[in-house]
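> My questions concern the predicted model and sequence given below.
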Amino acid sequence: MASTNSCSSRRRCPSPARSAHRLIRSRSSNRREVHMRIALVLAATLPFVFGVPPAAAQTAATTMPADIDPQSGFRLPLPKREELDELGKKVYDEASTPGKSLVGLQGPSGIRLYSPKTSQWLTSLNRHLRFEAGIAPRIREIAILITAREMDSQFEWAAHEPEALKAGVPPQTIDAIKYRRGIDGLDERDAAVIALGRQIWRDHRVDSATFANAKALFGPHQLVDIVLLMGNYSGTAALLTAFDMQLPAGKKPLLPTP
């Protein structure tokens with residue numbers, strides 16, 4: 001008797017070689033999607049790294065709100081290094097050193113030059129939470145993105161979407177955060193951080209089930225650090241909002257906001 005699993009045609013039952021080829025092609029397509037997305041986002045955010053050139057600053061001056069300083073990109077002029085005290089000069093030099101921060105002085109570090117001691121402390125805390133607390137890069141960037149999303153922080157999102165892609169956050173997870181979509185079908189750890197962030201920032205309370213799930217997945221110590229990381233970036237978002245930090249000239253917003 002013929003097996004019920006036998007194929008009636010080659011079309012219905014592809015050869016192993018053909019199936020393997022399709023699998024390889026599918027994986028290659030997924031990799032291309034991630035690489036293309038990284039390239040597009042990085043191209044849009046390079047001004048963060050290299051600063052705004054004078055010509056761009058002049059263009060920005062004609063399009064920015066009237067109370068924005070065209071050189072700093074926010075509501076105060078960027079302090080001059082020679083006018084700072086010794087601690088201020090140290091903070092200035094560290095913030096402007098390539099690789100020390102994602103955006104250099106074209107961001108929150110520029111605003112914090114008005115409070116050098118606080119800036120030094122916050123920078124140390126941020127570095128610890130991001131790189132020394134043991135939070136996986138993927139989880140770290142999801143925690144930052146959900147905070148930026150719920151705070152509608154355009155500048156913060158633009159700085160961290162490319163970092164999330166480089167850390168291995170799937171595009172569909174980024175889109176779920178960006179467009180406030182459901183989290184069914186996402187990785188359970190990714191989904192737990194998104195749910196936690198939404199309840200903290202949107203609902204202003206975390207229900208018992210959401211907390212218990214996050215605690216079971218991350219443990220109490222790492223969960224505390226994840227929430228502290230979210231709090232750190234909410235403070236940065238507040239600073240960026242109050243001083244109306246602008247995106248570099250020519251940079252299109254990545255985050256849908258009201």
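Perfect, thanks for sending it. Numbering: from 1, shown residues only.
> And the average pLDDT for stretch 63-81 is what?
Average pLDDT, stretch 63-81: 94.
> Then stretch 118-133?
97.
> Just the buried positions in that stretch, please.
Buried residues in stretch 118-133, counted by 16 or more other Cβ atoms under 10 Å: 119, 120, 122, 123, 126, 129, 130, 133. Yep, even glycine has a C-beta here, placed from its N, CA and C like the rest.
> Where do the helices of this protein begin and end?
Listed in chain order, the helices of the chain (DSSP state H) span 16-50, 54-63, 86-96, 108-112, 116-127, 137-150, 154-166, 171-178, 188-198, 208-242.
> want to throw the ones you listed into CSV with distance to residue 78?
Formatted as CSV, the helices of the chain follow (distance: least, Cβ to Cβ, whole Å):
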stretch, distance to residue 78
helix 16-50, 15
helix 54-63, 11
helix 86-96, 9
helix 108-112, 5
helix 116-127, 13
helix 137-150, 23
helix 154-166, 15
helix 171-178, 30
helix 188-198, 31
helix 208-242, 15
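> looking at this protein, which helix or strand is least sure?
helix 54-63 (a mean of 45; mean pLDDT, DSSP states H and E).
> quick revisit: would you single out the least confident of the helices of the chain?
helix 54-63 (a mean of 45).
> Just tell me which of the helices of the chain ends up closest to residue 76.
helix 108-112 (7.1 Å; Cβ to Cβ).
> which residues are contacting the closest one?
Residues outside helix 108-112 that contact it (Cβ atoms under 8 Å, 6 or more residues apart in numbering): 72-74, 76, 78, 91, 95, 101, 103, 118-119, 122-123, 236, 239-240, 243, 245.
> Now with 10 Å, please.
69, 71-79, 91-92, 94-96, 100-105, 118-123, 126, 155-156, 159, 233, 235-237, 239-240, 242-243, 245 (Cβ atoms under 10 Å, 6 or more residues apart in numbering).
> now do stretch 202-211
So stretch 202-211 is contacted by 146, 149-150, 180, 192, 195-200, 212-214, 223, 227 (Cβ under 10 Å, 6+ apart).
> Before I go, just wanted to say thanks for your time.
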